[in-house]
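*Asks:* just to be clear, the model below is a prediction. Sequence and coordinates:
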Amino acid sequence: MAMVATIALVGVVASVIGLFDPSTCVQAQSNDWTSCASIARDRQIGFVALLVLSVIGFAVSFTRKTKKND
């Protein structure tokens, strides 16, 4: 579980590095394209999901390790 949490944490760091600012998008977009605000919202949802996954993964790994030592 710690391996999954580590990979999720790398995804969080990559999300922060690739910060997407919808205010820098070109305003003229065709109807076929996803809006910049939608892309930014989806990236925030992904960031939170990966962060939660990494916290849960490390918590489970830590709990298993402490139970094993008792």
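*Replies:* Arrived safely, thanks for sending.

*Asks:* how about low-confidence regions in the protein?
*Replies:* Low-confidence segments of the chain (pLDDT under 70): 20-22, 26-30, 32, 70.

*Asks:* from Ala37, how far off is Gln44?
*Replies:* Separation of Gln44 from Ala37 (C-beta to C-beta, to the nearest Å) stands at 11 Å. Every residue, glycine included, has its C-beta placed from N, CA and C.

*Asks:* Gln44: how many residues sit nearby?
*Replies:* By other C-beta atoms under 10 Å, 12 other residues sit near Gln44.

*Asks:* I meant Phe47, not that one.
*Replies:* Around Phe47 there are 16 residues (other C-beta under 10 Å).

*Asks:* for the spatially most central residue of the chain, helix, strand, or coil?
*Replies:* Using C-alpha atoms, centre = their mean, the residue of the chain that lies closest to the mean C-alpha position is Phe47, 2.4 Å off. Under DSSP: H, G, I helix; E, B strand; the rest coil, the three-state class of Phe47 is helix.
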